Structure formats: C-alpha cells, structure tokens
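A.B. asks: Sequence first, then the predicted structure, then my questions.
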Amino acid sequence: MSANKRPPEATHPADQAAPPDPGINTYRGEAGALRAGRLGTVGLLLSVLAATAPLMVVAGVMPTTFAVVGAVGQPLLFLALGVVLALFSVGYAEMSRHVHNAGAFYAYISRGLGPTAGSAAALVALVAYSAFQVGIFGMFGFEVSSLARTYLDVGIAWWIPAFVAVAVVAVCGLLKIDINARVLGVLLLIEVALVVVFDIAAFGSPGPEGVSAHAFNPETLSGVGIGTALCFCISAFAGFEQAPVYAEETSRPHILVPRVMYLAVGGVAVFFAISSWALTVATGPGAVVGTAQKQSAGLLFSLTQARLGSTFTDVMHVLFVTGMFAAMLSFHNVVARYAFAMGREGLLPSVFGRTSRTSGAPAAGSVLITVIAALAVLVFALTDSGAEGDPTAPVLRLFTWGGNVGALGIILLMATASLAVIVFFARRGSARAQAWRLTASAAAGLALLAIAAYTVKDFDILVGSGPDSALNWALPGIIAAAAAAGAAHGLLLHRRNPETHARIGLGNEAFQLDQKSRPSSPAGQSSPAGD
C-alpha cells in the first residue's frame with residue numbers, strides 16, 4: 001500500500017457491507033467496540049426522533065416562524081422540506097448499506113470525497129451537534145426557572161437547573177444505549193400524545209374561520225421570505241440524519257438504518273405539517289401571524305388553556321421540559337459517538353476510541369460533550385447581566401445562537417454528503433445502476449445549498465441581531481472555522497502519518513483490512529484482501 005492512498009480493498013470489497021468479525025468489532029479490539037445488537041427498529045427510531053423535540057418545535061419554532069416570517073402556509077413548508085430530505089435520504093440511506101460507522105456524516109464524506117474532506121466534516125459535525133445540545137440547555141434552564149417561579153413561587157437562576165441537567169445527561173450518557181432508548185422513547189411518546197390531543201382539540205373547536213385549509217394554499221407564501229422560513233423550519237427535522245450514527249449498535253444496520261430514516265423523515269414532515277395547520281385552525285389563518293407576534297412561545301399554551309383547561313396546560317408545560325431533556329440526551333449520545341469514531345481513527349486522542357467495559361458506551365466522548373456543555377453554560381451564566389426571568393442570555397443568546405449555528409452545520413454536512421454519495425458510487429462504476437438515487441442526491445444537495453445560502457444571508461433575522469451586528473458573520477464563522485481546522489488537521493495527518501490518514505472513515509473495516517493483510521504462511525505471503 002502506498003503511503004498516501006487508501007488500500008484498494010477499502011474502496012471496493014469493503015464497501016459491499018461485509019459482515020464484521022464475530023469476535024472483535026474494530027481494529028483496536030473489544031475495548032474499542034460499541035456493543036452490537038442493542039437497538040432494533042423501535043429503539044433506533046425513538047432515539048433518532050427524540051432529537052426533534054416535538055413540543056419544542058410546536059411551542060417554539062412554529063410560532064416564531066409565523067411571527068417573524070409571516071408565513072401562514074407553514075404546513076406547506078414542512079411538506080416541501082419533507083420532500084427535499086426524502087430525496088436526500090435516498091442516497092444517504094443507500095450509503096448506509098455500504099458503510100457502517102458511528103462517524104456517519106464524516107465517514108460517508110470521507111469515503112466519497114477523501115480522508116481530508118472527512119476530517120473537515122468530522123469537526124463540523126462535532127461542533128454543530130454540540131451547538132445544538134448546549135443551546136437547548138439555555139431554553140431548558142429558563143423554562144424550569146419559569147415553572148419554579150409560577151408554581152412554587154421560588155426564584156431560581158436559569159443556570160442552576162441548566163447545570164443540574166448537564167449532570168443528569170452526563171450520567172445517562174454513560175448508560176447502555178438500549179436503556180437510553182427506553183428513556184427517550186417514553187418521553188417522546190408522551191410529547192407526541194400531548195400534541196396529538198391538541199391537534200384533535202383544535203380541529204374539534206376551531207377558531208372563528210372554522211376548519212380552513214387556507215394554510216395549504218400556495219398563495220399564502222407569496223410575499224414572504226421563503227428561504228428564511230425554510231431556515232426556521234428545517235431545524236425541526238434535526239435528528240433524522242442521526243440513524244447511521246447508531247449503525248454499529250444495531251443487529252442489521254443495512255436494513256434498520258434506511259428503514260428508520262424513511263420513517264423519521266416521513267413521520268416528522270406529516271406530523272409537523274398537521275400540527276402547524278392545527279395552530280392556524282385554532283387561531284384562524286387570518287389572525288395566526290398577529291397572534292404569534294403578540295404571544296410568541298405562549299401561543300400553544302394559550303390555545304390549550306382555552307380548549308383543554310389549566311390541568312392539561314400545566315402538564316404540557318412540564319412535558320415541554322422533559323422533551324427538551326430528551327433532545328439534549330439524544331444530541332449528547334450523537335456527539336459522544338462522533339468523538340468515539342474520531343478517536344478510533346486518529347482524529348482525536350486514542351482515549352476517545354475506547355468504550356466503557358460495563359455499558360459499552362463511548363465514555364470519553366460522553367465526558368467531552370459534558371465538559372463542553374458545562375463550559376458553555378458557565379460562560380453565558382457569567383455574562384448574564386439581566387434580571388431574574390430575563391430570557392436574553394439563556395434563550396435569545398444561548399438557545400438561539402446554538403440552534404442556528406448547529407442547523408447551519410448540519411445543512412452543509414447534508415449538502416456535502418449528497419455530493420459524496422454521487423462520487424462514491426460513480427467511482428465504483430455504479431452510476432448507471434444507481435442513476436435515480438444519484439439524481440435524487442443531486443437535487444437534494446442543490447436544494448440544501450440554497451437553504452444554507454439563505455441561512456447565512458438572513459442570519460441577522462434568525463438570531464435577531466440586526467443587520468450591522470458582528471454576530472452575522474461571527475456565528476456562521478464558527479462552522480467555517482471548524483471546517484478549515486478539520487481540513488488542516490487532515491492535511492497534517494496526510495503528511496505526518498499517512499497510515500492514519502488513510503484510515504479516516506473506515507471504522508470497523510480497518511480491522512478487517514489489517515487482518516487480511518497479515519502473513520498467511522511462514523513464507524510471509526499475505527492473504528489477498530482483494531478484488
């Protein structure tokens with residue numbers, strides 16, 4: 001094998017989803033192996049969907065989109081995004097049949113566009129998912145503080161419950177993934193049930209305009225910033241793309257991962273389209289924008305108060321908090337597994353490429369994201385000069401900044417992964433056989449690039465910073481800096497340690513290739529890994 005190229009086996013037979021060695025799952029041995037067979041279809045689906053935080057989307061994202069963008073046709077936007085992400089999933093899911101790696105995005109990008117591009121994608125993924133998680137800690141802390149003030153008449157600074165949440169999530173992150181899946185599943189199903197009850201109540205007791213389908217009229221989107229509206233709405237889908245991260249912990253990744261991705265995309269698009277429609281029905285299409293501008297995140301709760309009473313609304317407030325906890329735990333698990341994959345392949349220190357002997361969880365990666373979250377909460381707490389109950393630091397800064405930085409990073413990763421899928425199959429002579437999948441990937445990639453461009457262009461609207469604020473370039477610059485640093489690291493590895501550089505994105509298959517390259521006879525002949 002030449003010093004600066006992947007072994008030929010890694011780009012041909014290894015991509016045919018060969019079964020892993022039954023005894024050792026990675027080239028670093030059992031201590032560096034995620035436990036296989038822990039997740040089935042239901043467990044994987046619930047782990048993925050927990051990141052979408054249904055109540056947080058319905059209570060936060062939807063009213064904000066109505067208020068800021070004035071898009072009454074928000075249900076159409078969710079369906080349109082569902083189509084784009086379904087097109088993306090066609091190639092992404094097919095890629096998951098060939099590559100089983102907890103590094104997901106960066107592994108796919110590495111296999112299609114090369115190890116250096118994979119190194120850049122790895123750091124972007126680590127930063128983007130971390131930003132998502134730490135942002136939610138701000139909203140969580142503020143909401144718990146508000147609940148304590150309202151129901152217990154106790155004043156608590158937002159950062160106290162935020163730090164408690166960091167600690168609890170840290171403990172959960174060290175447990176077995178199937179235990180985490182049960183926790184996430186219960187919280188998710190309760191959230192979904194509450195939203196469904198609201199939807200039924202909204203259609204059963206509509207606003208003054210009755211059960212109107214006006215929100216599905218394309219004319220409702222004329223004169224509004226469609227690109228900006230899509231930027232708001234796409235964050236609601238964050239999480240569906242995480243299914244391949246858990247591929248090594250499922251029994252049949254080539255079947256379960258694609259299945260879960262399609263179920264997640266379709267389910268999220270339809271669920272949120274119906275729920276946003278229910279908001280317009282309950283308020284009235286002609287009044288929903290003005291009402292959202294006045295009530296903001298209180299819109300959902302005021303509607304449930306009028307239709308379902310104070311007890312249901314109180315329960316929804318509490319489940320709003322537990323739903324955020326589920327989302328934080330979901331993102332925590334994803335970041336920990338990205339760190340594990342990066343440690344296993346030399347992009348992070350090797351300690352991150354090992355797992356807990358008892359639970360099989362990527363313990364060092366879990367500790368890493370815990371430290372990142374704790375430091376972020378600490379910084380925003382120390383710089384919070386607002387009075388008690390002021391949402392500026394926890395919500396308007398930590399939550400809003402983190403969520404939009406994370407969303408931009410994920411959009412760019414999806415667009416890059418779409419290109420990587422095309423190159424991956426084209427280089428293997430499969431372009432004709434996979435033509436319709438590659439066409440879908442190309443269409444999705446172009447749409448995602450357009451959304452990313454609008455995200456950067458309208459960042460001042462997304463974070464409420466104003467047109468002349470330095471935040472408009474500094475916050476997107478975090479993703480650009482992560483990509484540049486990751487690429488630089490990849491190039492440095494290529495020069496100093498070409499063997500490690502060649503392994504980027506290979507994951508489990510690197511062990512198989514090492515085994516095949518060992519001498520098979522005293523004469524020193526190597527068993528062919530070959531074509």
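C.D. replies: In hand now; what should we look at? Residues are numbered from 1 along each chain as shown.

A.B. asks: can we go C-alpha only for contacts and neighbour counts from here?
C.D. replies: Will do.

A.B. asks: could you pull out the helices for the stretch 401-531 of the chain?
C.D. replies: Under the criterion DSSP state H, counting those that start in this stretch, helices of the stretch 401-531 of the chain are mapped to 435-457, 459-463, 471-496, 498-503, 508-517.

A.B. asks: Comparing the ones you listed, which yields the minimum mean pLDDT?
C.D. replies: If the helices of the stretch 401-531 of the chain are sorted by mean pLDDT, helix 508-517 sits at the bottom with a mean of 51.

A.B. asks: Give me the buried positions along stretch 169-176.
C.D. replies: Buried residues in stretch 169-176, counting neighbours by 16 or more other CA atoms under 10 Å, are found at Val169, Ala170, Cys172, Gly173, Leu174, Leu175, Lys176.

A.B. asks: Format those as JSON lines; extra columns: secondary structure, pLDDT and distance to Val61.
C.D. replies: Output for the buried residues of stretch 169-176, formatted as JSON lines (DSSP: H, G, I helix; E, B strand; the rest coil; pLDDT from 0 to 100; distance: CA to CA, whole Å):
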{"residue": "Val169", "secondary structure": "helix", "pLDDT": "94", "distance to Val61": "24"}
{"residue": "Ala170", "secondary structure": "helix", "pLDDT": "93", "distance to Val61": "27"}
{"residue": "Cys172", "secondary structure": "helix", "pLDDT": "88", "distance to Val61": "27"}
{"residue": "Gly173", "secondary structure": "helix", "pLDDT": "85", "distance to Val61": "27"}
{"residue": "Leu174", "secondary structure": "coil", "pLDDT": "84", "distance to Val61": "30"}
{"residue": "Leu175", "secondary structure": "coil", "pLDDT": "77", "distance to Val61": "31"}
{"residue": "Lys176", "secondary structure": "coil", "pLDDT": "69", "distance to Val61": "32"}
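
A.B. asks: Tell me the one of these nearest Asp314?
C.D. replies: Using CA to CA, Val169 is the member of the buried residues of stretch 169-176 that lies nearest Asp314, at 24.0 Å.

A.B. asks: Now do the same contact list for that closest one.
C.D. replies: The contact partners of Val169, by CA atoms under 8 Å, 6 or more residues apart in numbering, come to Phe325, Met328, Leu329, His332.

A.B. asks: For the residue nearest in space to the middle of the chain, give me phi and psi.
C.D. replies: For the chain, the residue sitting closest to the mean C-alpha position, by CA atoms, centre = their mean, is Gly239 at 3.6 Å. Taking degrees, to the nearest 10, you get phi 130, psi -30 for the backbone angles of Gly239.

A.B. asks: and it, how far is that from Ala131?
C.D. replies: According to CA to CA, to the nearest Å, Gly239 and Ala131 sit 13 Å apart.

A.B. asks: now do Ala51
C.D. replies: 13 Å.

A.B. asks: cool, and Phe66?
C.D. replies: When distance is defined by CA to CA, Phe66 is 24 Å away from Ala131.

A.B. asks: Might you list the low-confidence residue ranges for this protein?
C.D. replies: 1-39, 176-178, 223-224, 508-531 (pLDDT under 70).

A.B. asks: Contacts only, for Ser330.
C.D. replies: For Ser330, the residues meeting the contact criterion (CA under 8 Å, 6+ apart) are Ser47, Val48, Ala50, Ala51, Leu184.

A.B. asks: redo that, cut-off 10 Å
C.D. replies: 46-53, 129, 133, 169, 173, 180-181, 184, 239, 242, 324 (CA atoms under 10 Å, 6 or more residues apart in numbering).

A.B. asks: cool, His489 as well?
C.D. replies: In this structure, His489 makes contact with Thr116, Ser119, Ala120, Leu123, Leu347, Ala483, Arg495, His501, judged by CA under 10 Å, 6+ apart.

A.B. asks: what do you get for Ser119?
C.D. replies: Applying CA under 10 Å, 6+ apart, we find Ser119 in contact with 106-107, 109-110, 342, 347, 483-491, 493, 501, 504-505.

A.B. asks: Name only those of the residues you listed that count as buried.
C.D. replies: The neighbour-count test (16+ other CA under 10 Å) marks 106-107, 109-110, 342, 347, 483-491, 493, 501, 504-505 as buried among the contacts of Ser119.

A.B. asks: other SSEs contacting the host helix or strand of Phe380?
C.D. replies: Phe380 is part of helix 363-382 when elements are defined by DSSP states H and E. Using 3 or more CA pairs under 10 Å, 6 or more residues apart in numbering; DSSP states H and E as the contact definition, the elements that helix 363-382 packs against are helix 115-151, helix 159-173, helix 299-344.
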